[in-house]
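Visitor: Predicted structure and sequence below. I'll ask about it afterward.
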Number of protein chains: 2
Amino acid sequence: MAMVSIKDVAAHAGVSPGTVSNVLNRPGKVAPSTRERVEAAINELGFVRHGSASTLRAGYSRTIGLSVIDIGNPFFTEVAAGVEDVASELGYAVILGNSAGSQDKEDRNLRVLAEHRVRGVLITPSGEDPARLDRLREHGISVVLVDHPAHRPDQCAVAVDDVAGGRAAVAHLLAGGARSVAYVTGPLTIRQCVERREGAKAAMRGAGLDPEDLRVAEAATMTARAGEKAAADLIAGGLPEAVFCANDLLALGVLRALLRSGVRVPEEVALMGYDDIDFAAASTVSLSSMRQPTYQLGRIATELLLDECDNPDTHAHQHIMFQPELVARESTQ
Amino acid sequence: MAMVSIKDVAAHAGVSPGTVSNVLNRPGKVAPSTRERVEAAINELGFVRHGSASTLRAGYSRTIGLSVIDIGNPFFTEVAAGVEDVASELGYAVILGNSAGSQDKEDRNLRVLAEHRVRGVLITPSGEDPARLDRLREHGISVVLVDHPAHRPDQCAVAVDDVAGGRAAVAHLLAGGARSVAYVTGPLTIRQCVERREGAKAAMRGAGLDPEDLRVAEAATMTARAGEKAAADLIAGGLPEAVFCANDLLALGVLRALLRSGVRVPEEVALMGYDDIDFAAASTVSLSSMRQPTYQLGRIATELLLDECDNPDTHAHQHIMFQPELVARESTQ
DNA sequence: ATGTCCGAATAGAACGTTTTACGTCAGGCG
DNA sequence: CGCCTGACGTAAAACGTTCTATTCGGACAT
């Protein structure tokens, strides 16, 4: 409870507070003998630097924010693991915000991050309103978009080509012989969902089908439970020959519901997910999916962000676009 | 970039900085007319409070730390979701730390949390060294243990009875007719792994078997990949009639490896996991598991922590112990 | 000896809040 | 009419760092 400050350390080591600060921040600037004395005092007293005071005076913190759409989704979990690894390597702390798909919650989280004067923010925006992010930039907070293309040129972004992914997925289903395809998607306010749909339509067009024939079922959230519900609707409305889901969680839900209703996968309905989370390979009928370099997404985004923060002058903004990779498994034969 | 401070707001509204602070923190203390004026100024200037300055002067922050063992494990993800929900409801930010099973990394994370002067810490400790946590307490940081029994009486803890869980799991396997049981576990430095093993032994004893006959295979991490490797060893050494895994990730890995080797589950080998993550029900052979109130664990732990922080005098420390629940599925017939 | 330069350490102001102690002004009461 | 009280505001001192002068000794050249 008895907070020991830099002053106490200074007194104990017989130096001035400024010297202690130097030992902490540029140990090269202080003579070895005094440095040792100060370090001894630090250990002896159990001093731990007051980050807020430091942030206040120095004008910046060693903290970044991470705002994701759904922390329950293994996709984001793996992104977070990449972020956390890099951040912790470089001595940064990560403040986590889960928007749970709600713009309101995202706004609240961003506000908290702004109050904390985080150095930068990694965000997978849940809507399409660049203005809210620009406001952060006005406060001197760098922003890197994760799994989202850049809003503007003077900004870093790391994304995966969702149109290509949607196209590849549906092309694969069509190549398997399906003629009618349903697209089970999350909220169409989410960019990924829209772009994967566009890709799906492109694939149909490419196969000489009418893209308008793509049957779209929109689920309220991108969870397995929502997938089950969507599948029930699908069954009620007459089954298509193939189903493409906007992510694996939805697909696993659809799969569960289909099997429970006695529908055979892939014999009666072929099924594709997206993200290739670990569990896709382990499911009842192993799930075909589109693999994304998830962990890398987190790592690279964080490296870009911290480079932008630590080397603002030499930093070159980058827009990185990965290509997803099709992984065929039992659910598409 | 032009930081607007409380002073600017004060000037703009024609009041003193103290009054602005009052509007922010105890709006009741200020006359409605001036309050409106100040609020208008705040919006007009786009003022956002400097959290570090606030923390520095007030002596406490609205931030808590969450340190987990493996953010990639859906168990912890769900805990984190519970934590995040409560924290964000009460206006607290959450700093995430992933110890990845390493004491070193956990130490680093705790240090970062201490520097940030977080109000409290939620932690699933990865080892058994209470001293490191006591050091936090000395700095006035409350600690609540998550998925771990209390180290000491004057401390909150939320746990699940792992011995009972291990016993129930193995009892279920034995009831299914198995006579030889293997236990696939994570590092035995992890308490949960040890206690589930003790429960498993107790179940064998209860069935008139020698607990020493429990075959223990220790994996380096608690992931599906490690489970696959452990299963390979198991196959090489001669298969038991039943396998109990310390968590579902390991079990999914074991399942994958067994099926790939042509071993039928549950006919040749019965299999139990632990945690009942969402994906357990969706796997190739749906996985029997021990369900824990995961999301609740996170919620309740956070509520206890914030109560301890916000009402230190009326707060009563609690040791909550949930009972896990057996969920039988195909993998045990 | 004197001046110069350099490394090493220091004093003290600043950072943006919160808080304490203190004014000020009305209104109510004897 | 004087005094007390309460409601509102304010001024100014903190909080623990970092940073910008500035000082202080020596070593060295002249």
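Guide: Okay, I see it. Numbers count the residues shown, from 1 in each chain, chains lettered A, B, ... in the order given.

Visitor: Name the residues of chain A found near DNA strand D, please.
Guide: Chain A comes close to DNA strand D at residues A:3, A:5-7, A:17-18, A:20-21, A:24-25, A:47, A:49-50, A:53-54, A:56-58, as judged by C-beta under 7 Å from any atom of the strand. Bear in mind the C-beta positions are built from the backbone N, C-alpha and C, glycine included.

Visitor: May I see the PyMOL selection of the buried members of those residues?
Guide: If you want just the buried ones from those in PyMOL, going by 16 or more other C-beta atoms under 10 Å in any protein chain shown, the selection is:
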select buried, chain A and resi 6+20+21+24+47+49+50+53+54+56
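
Visitor: just the residues of chain A next to DNA strand D that are near DNA strand C?
Guide: A:17, A:18, A:53, A:56, A:57.

Visitor: Those residues: which ones sit near chain B?
Guide: A:53, A:56 (C-beta under 8 Å from any C-beta of the partner chain).

Visitor: now for the ones next to DNA strand C among the residues of chain A next to DNA strand D, which pair is the farthest apart?
Guide: Across these, the longest distance by C-beta to C-beta is 16.6 Å; it joins A:18 and A:56.

Visitor: what are the ranges of the strands in the stretch 51-200 of chain A?
Guide: With DSSP state E, counting those that start in this stretch as the criterion, the stretch 51-200 of chain A has strands at A:63-68, A:93-98, A:120-123, A:142-146, A:156-160, A:181-185.

Visitor: Make TSV from these and add mean neighbour count to it.
Guide: Formatted as TSV, the strands of the stretch 51-200 of chain A follow (neighbours: other C-beta atoms under 10 Å in any protein chain shown):
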stretch	mean neighbour count
strand A:63-68	26
strand A:93-98	25
strand A:120-123	27
strand A:142-146	25
strand A:156-160	24
strand A:181-185	26
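
Visitor: Any idea which of those strands gets closest to residue A:199?
Guide: Comparing those by C-beta to C-beta, strand A:181-185 comes nearest, at 9.9 Å.

Visitor: List the pairing partners of that closest one within its sheet, with orientation.
Guide: Partners of strand A:181-185 in the sheet, by DSSP bridges, are strand A:215-218 (parallel), strand A:242-245 (parallel).

Visitor: quick one: that strand to chain centroid distance?
Guide: Offset of strand A:181-185 from its chain centre (C-alpha atoms, centre = their mean, to the nearest Å): 23 Å.

Visitor: Tell me the helix or strand right after the helix or strand containing residue A:296.
Guide: If you go by DSSP states H and E, residue A:296 is part of helix A:294-310. Downstream of helix A:294-310, the next assigned helix or strand under DSSP H and E is strand A:319-322.

Visitor: quick revisit: of the strands paired with strand A:181-185, flag the one that's most buried.
Guide: Greatest average neighbour count among these goes to strand A:242-245 (a mean of 30), per mean count of other C-beta atoms under 10 Å in any protein chain shown.

Visitor: contacts for that one?
Guide: Applying C-beta atoms under 8 Å, 6 or more residues apart in numbering or on different chains, the external contacts of strand A:242-245 come out as A:166, A:169-170, A:173-174, A:176, A:178, A:180-185, A:196, A:200, A:227, A:231, A:234, A:251, A:254, A:269-274, A:332.

Visitor: weakest of the strands of the stretch 51-200 of chain A by average pLDDT?
Guide: Per-stretch mean pLDDT for those is lowest at strand A:93-98 (a mean of 93).

Visitor: Quickly check: it near chain B or not.
Guide: Yes: shown here: strand A:93-98 in contact with chain B (C-beta under 8 Å from any C-beta) through A:93, A:94, A:95, A:96, A:97, A:98.

Visitor: ends of stretch A:241-256, how far apart?
Guide: Length of stretch A:241-256, first residue to last, C-alpha to C-alpha, to the nearest Å: 17 Å.

Visitor: wait, I meant stretch A:89-107
Guide: Span of stretch A:89-107 from end to end, C-alpha to C-alpha: 29 Å.

Visitor: Tell me which residues touch residue A:80, please.
Guide: A:66, A:68, A:71, A:94, A:96, A:298, B:71, B:96, B:98.

Visitor: returning to what we had before: next, format the residues of strand A:93-98 next to chain B as TSV and append distance to residue A:216.
Guide: Formatted as TSV, those follow (distance: C-beta to C-beta, whole Å):
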residue	distance to residue A:216
A:93	41
A:94	36
A:95	36
A:96	32
A:97	30
A:98	27
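
Visitor: so who does residue A:37 touch?
Guide: A:13, A:14, A:15.

Visitor: Can you report how many residues lie near the closest residue to residue A:8 other than its chain neighbours?
Guide: Excluding the flanking residues, the one nearest residue A:8 by C-beta to C-beta, 6 or more residues apart in numbering or on different chains is residue A:45, at 6.0 Å. If you count neighbours by other C-beta atoms under 10 Å in any protein chain shown, residue A:45 ends up with 16.
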